[in-house]
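In: The following comprises the amino acid sequence and a computationally predicted model.
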Amino acid sequence: MAKNRICELLGIKYPILQGGMVWISTTELAAAVCNAGGMGVLRGSQSKEQLAEDIETMRELTDKSFGVNIPLIDPLSQGVLEMVADKKVDVAITSAGNPAKFTGWLQEAGLKVMHVVPSVRMAQKAADAGVNAVVAEGYEAGGHNGVDEITTMALIPQVVDAIDVPVVAAGGLGDSRGLIAALALGAEGVQMGTRFIATKECVAHQNVKESILASSDTSTVITGRSHAPVRMLKNKLAEQILEREHAGAPHEELLEFIGSGRTKAALIEGNLDEGSLMAGQIAGLVREVKSVKEVIDELVNDASGVLSGISEKLDI
């Protein structure tokens, strides 16, 4: 086990977490991450019945600790949190809301609590609420983002300096260089989402994986910047949303246009024109679909080479 607070807190071999992604953070992916030495995370945005079944399946697939991601903005989050506590899941990772209402009783139930934050102010509030760790996510990340547009490079060291609890870096991370950079900035672990989409164990449609492999550094775009920023791969839907935004469409009108099921249409059904394919800027770095174990092994094994290269450049 790596000697840092995140590994000790979560009981994992490597300080590598898989992000909780809607529709595709399934038992297959999460268990593979756990068994490869990281911490897999199930999606909490599903029915309590299905999540309860997934938790039991996870315990059949791995004997390692795992987490559940619960967006607090979800109206069903209270019931999901209660069920997760009742099932004695190892880690609850909350996001999109104030963790103060839930942290204490989740910890009393034996869970570790982490909270995802986009800024120093939110990190301080989470720390004050008593969370065990925070995931500080930069604006490079896929999916929902903070409105302040703070990048990972700027965010991580400021969060680390502002709070005492351990920090996990997220956003724009996909290889050993990112891992070392995050640790150098003061984080004690990394969380990756987009890189794990392009793995054999991920249930994302093959069209999605091929789109990520074909991506460049400019392949993503932020939609909803004035209301609720979301980073996704550029496609017809993204263009239509941006056109409406630029025309001054109110938030309610945008939500009505987007409707429901857009993320599933992309990630599960492979509709790359009409679906919302949430992915981070690091997609431009991904060039091959690999097994989860290969991804994690490369992250760890290539780290020494990165460190050696740094030493040579600094002549130390």
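Out: Great, that's in hand.
In: Quick one: the strands in the stretch 151-300 of the chain, in order.
Out: For the stretch 151-300 of the chain, the strands defined by DSSP state E, counting those that start in this stretch cover 167-170, 189-192, 220-223, 230-233.
In: Make a markdown table out of these and add mean pLDDT and distance to residue 209.
Out: Bear in mind the C-beta positions are built from the backbone N, C-alpha and C, glycine included. Below are the strands of the stretch 151-300 of the chain laid out as a markdown table (pLDDT from 0 to 100; distance: least, CB to CB, whole Å):
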| stretch | mean pLDDT | distance to residue 209 |
| --- | --- | --- |
| strand 167-170 | 98 | 21 |
| strand 189-192 | 98 | 15 |
| strand 220-223 | 95 | 16 |
| strand 230-233 | 95 | 12 |
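In: What's the local residue count around the residue nearest to residue 301 when sequence neighbours are not counted?
Out: Of all residues not flanking residue 301 in the chain, residue 176 sits nearest, at 7.8 Å (CB to CB, 6 or more residues apart in numbering). When neighbours are counted by other CB atoms under 10 Å, residue 176 registers 17.
In: likewise residue 66?
Out: Around residue 66 there are 26 residues (other CB under 10 Å).
In: Do a quick rundown of the strands in the stretch 1-150 of the chain.
Out: Taking DSSP E, counting those that start in this stretch, the strands of the stretch 1-150 of the chain run over residues 16-18, 41-43, 67-71, 91-95, 112-117, 133-137, 143-144.
In: Nearest to residue 224, out of those?
Out: Comparing the strands of the stretch 1-150 of the chain against residue 224 with CB to CB, the closest turns out to be strand 143-144 (8.8 Å).
In: okay, now the domains of the protein?
Out: 5-203+292-314, 206-282 (automatic domain parsing).
In: any idea which of those is most buried?
Out: domain 5-203+292-314 (a mean of 20; mean count of other CB atoms under 10 Å).
In: shouldn't the residue nearest to residue 301 be in contact with residue 299?
Out: Yes: at 5.1 Å, residue 176 counts as touching residue 299 under the criterion of CB atoms under 8 Å.
In: Show me what the lowest-mean-pLDDT helix or strand in the chain is packed against.
Out: None of the helices or strands of the chain scores lower by mean pLDDT, DSSP states H and E than helix 251-258, at a mean of 85. Helix 251-258 sits against helix 236-246, with contacts defined as 3 or more CB pairs under 8 Å, 6 or more residues apart in numbering; DSSP states H and E.
In: Now do the phi/psi pair for residue 215.
Out: phi -70, psi 160 (degrees, to the nearest 10).
In: Just give the nearest non-adjacent residue to it, would you?
Out: residue 283 (3.9 Å).
In: And for the one you found, the neighbour number?
Out: Neighbour tally, residue 283, other CB under 10 Å: 25.
In: where's it relative to residue 146, distance?
Out: According to CB to CB, to the nearest Å, residue 283 stands 19 Å off from residue 146.
In: likewise residue 154?
Out: 12 Å.
In: which residues touch residue 225?
Out: Residue 225 makes contact with residue 245 under the criterion CB atoms under 8 Å, 6 or more residues apart in numbering.
In: Equivalent analysis for residue 36, please.
Out: 292-293, 295-297.
In: pretty sure residue 251 contacts residue 227?
Out: Yes: counting by CB under 8 Å, residue 251 does reach residue 227; the two are 4.3 Å apart.
In: residues shared between the contacts of these two?
Out: By CB under 8 Å, 6+ apart, no residue touches both residue 251 and residue 227.
In: how near is the residue lying closest to residue 4 once chain neighbours are set aside to residue 242?
Out: Using CB to CB, 6+ apart and skipping the chain neighbours, the partner closest in space to residue 4 is residue 188 (4.4 Å). Per CB to CB, residue 188 is found 37 Å from residue 242.
In: before we move on, what about residue 165?
Out: From residue 165 to residue 242 the distance is 37 Å (CB to CB).
In: Pull the contacting residues for residue 155.
Out: By CB under 8 Å, 6+ apart, the contact set of residue 155 is 118-120, 136-138, 171.
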